[in-house]
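S.K.: sharing a sequence plus its predicted fold:
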Number of protein chains: 2
Amino acid sequence: MRQTASAFAPGSIGNVGPGLDILGLAVAGRGDTVTLTLGDGGGIVVADPGHRELPTNPRRHTAAIAAQAVFATIGFTSGVSLRLQKGLPLSGGQGGSAASAVAGAVAADHLCDARLDAATLLQCALTAEDAVAGRHADNLAPSLLGGLVLVRSLEPMDAIRLPVPMGLRIILVHPNQQLHTRDARRVLPGSVALGVALAQAANVAAMVAGACLDDAALFGRALDDRIAEPARAGLLPGFTAAKRAALDAGAIACSISGAGPTAFALTVDDGTAASIAHAMVTAYAAEGVAAEARIADVDLQGARIV
Amino acid sequence: MRQTASAFAPGSIGNVGPGLDILGLAVAGRGDTVTLTLGDGGGIVVADPGHRELPTNPRRHTAAIAAQAVFATIGFTSGVSLRLQKGLPLSGGQGGSAASAVAGAVAADHLCDARLDAATLLQCALTAEDAVAGRHADNLAPSLLGGLVLVRSLEPMDAIRLPVPMGLRIILVHPNQQLHTRDARRVLPGSVALGVALAQAANVAAMVAGACLDDAALFGRALDDRIAEPARAGLLPGFTAAKRAALDAGAIACSISGAGPTAFALTVDDGTAASIAHAMVTAYAAEGVAAEARIADVDLQGARIV
């Protein structure tokens, strides 16, 4: 048992192309940090929620819910104070809620020196993600494990860490527009034609093959989403033009990050990353949408104690 | 230009588990052999169709259609005589029509020393498969390339040869029952719920990960078909019991081969293959269905000149 424990978890791209709810990629740089400190009484007190719009009620705060799930798993009932340092935007499709949940779970595990396995930590974090963003682990799993992760199943939890194509760089473009996750989910179809389902499966599988075989060209051409992107593109002014601009500038792929509105593009040619970012921001601007770009590596490490 | 050319193509399992229309596995041992010989006149004459139930009309004979597609691609118009030696059953889900088509295309390519690339040969063979079994290449691609193959797309043709888990052995069980491909396809749903589509995609992708990362346990647990197998199992008396028997006997997976009625099971423990085969045959027998089993390796070579 420690007096205090801090954990950092990186942001991530969920729904990587056709991998709706099942494929995620950790993004280096920004992330959320949770610090837990032993305190008086029982249960968790949220001493710093991380942002003025985040709740101080521990039953509604993502990091606290995940930490509490870890404590419940190991039977820990002492008082704990939680502070969140929020490095990711509250919404926007950069895996912010997942990073808070993962950091909360990892910090709680470290505080108690419980050494829970990854599947159990993911289950604990999923309790939190489910409460705020929906029951999927495509942001949680890369935020915990780093790199590219396929979530085969939630029950039982089966998250598979995959290799990442060599030299992959991420261009994240955040347009100044709102798209609530619930609206982004509402436009998803309840069912899909068999042919669409099979094409989507083939593309996700081919992305996995491209990742495992270090074939970035395959990874890029398979990043072709027939379900979520067509349904959501209409809600995101400028996205279609920005995607075209990214591909014209040399990106191997471009799609919506998570439920949006953030868009992402990928390249393995480091020289093109800046021009892809510039082309996308310019394309958004031409449709009257201000946008900010960030170029990042893949985070290969995942959540860590800090 | 040669006087004569012969090519052999192995049988295969199509629809490997959740990989409906997109994932196939070449099976060592039996296959079809096509021999082409320069003759008089123009066009193809089917001198031996390979089986009394197969047509001698070259426009309806799978191997001849595929050979003709190769000849058309390269502008070859001389007379050719075709003989098929049929090593695979006419129907039953062992990739017989695909093997004939691939052998026809490869023999035609060799006769003319054309050296067409694999994608073009697959397109030519697809013309034939489309005429007799439907527009899918999950049997054609492994029959041509060997091993485990993911067909990402037909237009453009994009077939990805994958590694195979070490030591994988196949148990093929052919029950004495009929299931026409058109009936097997008729029971497939026209659309699927989004959750089913995502689970199917996750499982195909996880099979690819298991194959690439040499994780046979993952390959096996991901071989979980939520679309075709549930729809077809009811048409195949004894299958459900045989699958249970296979898994109880140590198989890592069991499903329907292609459109059936052949069932297949997989193991990486060579000592269990015979007992899995016995358990499956016994389970079919208990439901009044006679069945024959064959144990085979994966064919890693694919079609070859003989």
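M.R.: Received, thanks.
S.K.: going forward, measure contacts between C-alpha atoms and count neighbours the same way
M.R.: Will do.
S.K.: pull the CA atoms of stretch A:132-143 into CSV?
M.R.: What follows is stretch A:132-143 as a C-alpha-only set of coordinates in CSV (Å, rounded to 0.1, in the frame of the first residue of the first chain):
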residue,chain,number,x,y,z
VAL,A,132,-20.2,8.4,-20.1
ALA,A,133,-19.4,7.3,-23.7
GLY,A,134,-20.9,3.9,-24.3
ARG,A,135,-20.0,0.3,-23.9
HIS,A,136,-16.9,-0.1,-26.2
ALA,A,137,-13.2,-0.5,-25.4
ASP,A,138,-11.6,0.7,-28.7
ASN,A,139,-10.2,3.8,-26.9
LEU,A,140,-9.6,2.1,-23.5
ALA,A,141,-7.5,-0.7,-24.8
PRO,A,142,-4.9,1.3,-26.7
SER,A,143,-4.8,3.9,-23.9
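S.K.: for the stretch 201-306 of chain A, just list every one of the helices.
M.R.: Ranges of helices in the stretch 201-306 of chain A, per DSSP state H, counting those that start in this stretch, are A:216-222, A:228-233, A:239-248, A:273-286.
S.K.: need those helices in a markdown table with distance to chain B, can you?
M.R.: Below are the helices of the stretch 201-306 of chain A laid out as a markdown table (distance: least, Cα to the nearest Cα, whole Å):
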| stretch | distance to chain B |
| --- | --- |
| helix A:216-222 | 8 |
| helix A:228-233 | 11 |
| helix A:239-248 | 19 |
| helix A:273-286 | 26 |
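S.K.: adding mean neighbour count, write these out as CSV.
M.R.: Shown next, in CSV, are these (neighbours: other Cα atoms under 10 Å in any protein chain shown):
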stretch, mean neighbour count
helix A:216-222, 22
helix A:228-233, 18
helix A:239-248, 22
helix A:273-286, 21
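S.K.: could I get those as CSV with mean pLDDT and distance to A:Gly302?
M.R.: Below are the helices of the stretch 201-306 of chain A laid out as CSV (pLDDT from 0 to 100; distance: least, Cα to Cα, whole Å):
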stretch, mean pLDDT, distance to A:Gly302
helix A:216-222, 98, 21
helix A:228-233, 96, 26
helix A:239-248, 98, 27
helix A:273-286, 98, 23
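S.K.: just the buried positions in the worst-scoring helix or strand of chain A on mean pLDDT, please.
M.R.: None of the helices or strands of chain A scores lower by mean pLDDT, DSSP states H and E than helix A:181-186, at a mean of 85. By 16 or more other Cα atoms under 10 Å in any protein chain shown, the buried positions in helix A:181-186 come out as A:181, A:184.
S.K.: next: stretch A:78-88.
M.R.: For stretch A:78-88, burial by neighbour count (16+ other Cα under 10 Å) applies to A:80-88.
S.K.: try stretch A:45-56
M.R.: So for stretch A:45-56, counting by 16+ other Cα under 10 Å, buried means A:45-46, A:48-50, A:56.
S.K.: residues in contact with A:Ala293?
M.R.: For A:Ala293, the contact set (Cα atoms under 8 Å, 6 or more residues apart in numbering or on different chains) comprises A:171-174, A:277-278, A:281.
S.K.: no wait, A:His180
M.R.: For A:His180, the contacting residues are A:91, A:259, by Cα under 8 Å, 6+ apart.
S.K.: show the pLDDT at it.
M.R.: pLDDT recorded at A:His180 is 82.
S.K.: now do A:Leu188 against chain B, distance only.
M.R.: To chain B, A:Leu188 is 8 Å away according to Cα to the nearest Cα, to the nearest Å.
S.K.: near A:Asp225, how many other residues are there?
M.R.: Residue crowding around A:Asp225 was assessed by other Cα atoms under 10 Å in any protein chain shown; the count is 22.
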